[in-house]
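S.K.: coords please:
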Amino acid sequence: MAQPWKVLESVTTNEGILELRQRGERDFLITVNGLVLMNSSLHRSEVALGALACGHLKTADAPRVLVGGLGMAFTLRAVLDQLPPSAGVVVAELNPVVLEWCRGPLAFLTGAAASDPRVRVEIADVAQVIRNAAMGRDRLDAVVLDLYTGPHAKSHKVEDPLYGSTAIEMTRAALKPGGVFAVWGENYDQGFDRRLSSAGFSVTCDRPGYGGLRHVVYLARLQQRAEGRPKGPRTRGGR
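M.R.: Residues are numbered from 1 along each chain as shown. All right, here's what the predicted structure looks like:
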């Protein structure tokens with residue numbers, strides 16, 4: 001007989017009631033208003049996202065990576081596993097309680113990824129963090145978005161704050177030549193794929209795994225040349 005889920009903590013957020021639930025020793029859920037956002041047993045696509053985004057940086061000199069959305073830190077763990085000791089990773093996370101969970105009851109799942117000395121977590125809107133990077137001098141080697149709302153058919157093709165064409169141009173401006181923009185999606189969105197290509201990215205899409213529900217990983221790479229810096233988009237939050 002399956003064990004019942006136990007609510008470890010429940011907090012009110014702008015999106016609704018955010019809860020951390022546990023069943024047994026290693027089964028955890030993060031939910032909002034009863035909707036499952038993360039499941040500790042199902043993170044295949046998150047691991048693939050981090051590995052594909054940063055696999056080319058293993059021997060890079062002090063690479064800089066931005067991760068949007070902390071979740072249970074499985075994507076962050078996969079990113080860190082690809083990076084040298086000299087790397088710097090910024091994680092943009094809207095809810096400070098998620099950081100507390102990743103450094104507390106969830107830490108053992110990822111080898112305490114959120115406490116890695118290479119990591120700095122900002123409680124911030126990831127779109128604003130991208131904007132700041134685009135307007136600054138130090139560009140990024142990779143931008144990795146692992147948000148619970150990925151690109152979808154109803155994403156506004158121009159004004160969506162993360163997946164619209166204006167936001168994509170801002171992300172391009174934040175990246176170094178040869179930089180990677182990697183995005184998790186629940187389902188494939190042809191419009192987002194086309195917008196990435198139109199912005200000058202070389203795009204591939206992967207569906208990790210061999211059966212059942214298979215999410216999408218978009219991997220968009222810039223050519224090895226300097227890119228222009230457009231004006232900034234409207235912004236909104238991350239996970």
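
S.K.: is it true that Gly55 touches Asp81?
M.R.: No - between Gly55 and Asp81 there is no contact under C-beta atoms under 8 Å: 9.5 Å. C-beta coordinates here come from the backbone N, C-alpha and C atoms, glycine included.

S.K.: what's the distance between Ala182 and Glu15?
M.R.: Distance from Ala182 to Glu15, counting by C-beta to C-beta, to the nearest Å: 24 Å.

S.K.: Comparing those two, which residue is more hemmed in?
M.R.: Ala182 (26 against 16; other C-beta atoms under 10 Å).

S.K.: give the contact list for the more buried one.
M.R.: Taking C-beta atoms under 8 Å, 6 or more residues apart in numbering, we find Ala182 in contact with Leu49, Leu52, Ala53, Ala142, Val143, Val144, Leu145, Val217, Tyr218, Leu219, Ala220.

S.K.: As PDB, could you dump the C-alpha coordinates of the helix or strand bottoming out on mean pLDDT in the chain?
M.R.: Ranked by mean pLDDT, DSSP states H and E, the helix or strand of the chain with the weakest confidence is strand 35-39, at a mean of 90. Extracted in PDB, the C-alpha atoms of strand 35-39 (Å, rounded to 0.1, in the frame of the first residue of the first chain):
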ATOM      1  CA  LEU A  35      -0.400  21.200  -9.200                       C
ATOM      2  CA  VAL A  36       2.800  19.200  -9.200                       C
ATOM      3  CA  LEU A  37       5.800  21.400 -10.300                       C
ATOM      4  CA  MET A  38       8.600  19.100  -9.500                       C
ATOM      5  CA  ASN A  39       8.900  15.400  -8.600                       C
END
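
S.K.: Report the angle between the helix or strand following it and strand 35-39.
M.R.: Note on strand 35-39: by DSSP states H and E, the next helix or strand toward the C-terminus is helix 44-54. Angle of helix 44-54 versus strand 35-39, following axes from the mean of the first three to the mean of the last three C-alpha atoms, to 10 degrees, is 60 degrees.

S.K.: coming back round to it: buried residues in the least confident helix or strand of the chain?
M.R.: Leu37, Met38 (16 or more other C-beta atoms under 10 Å).
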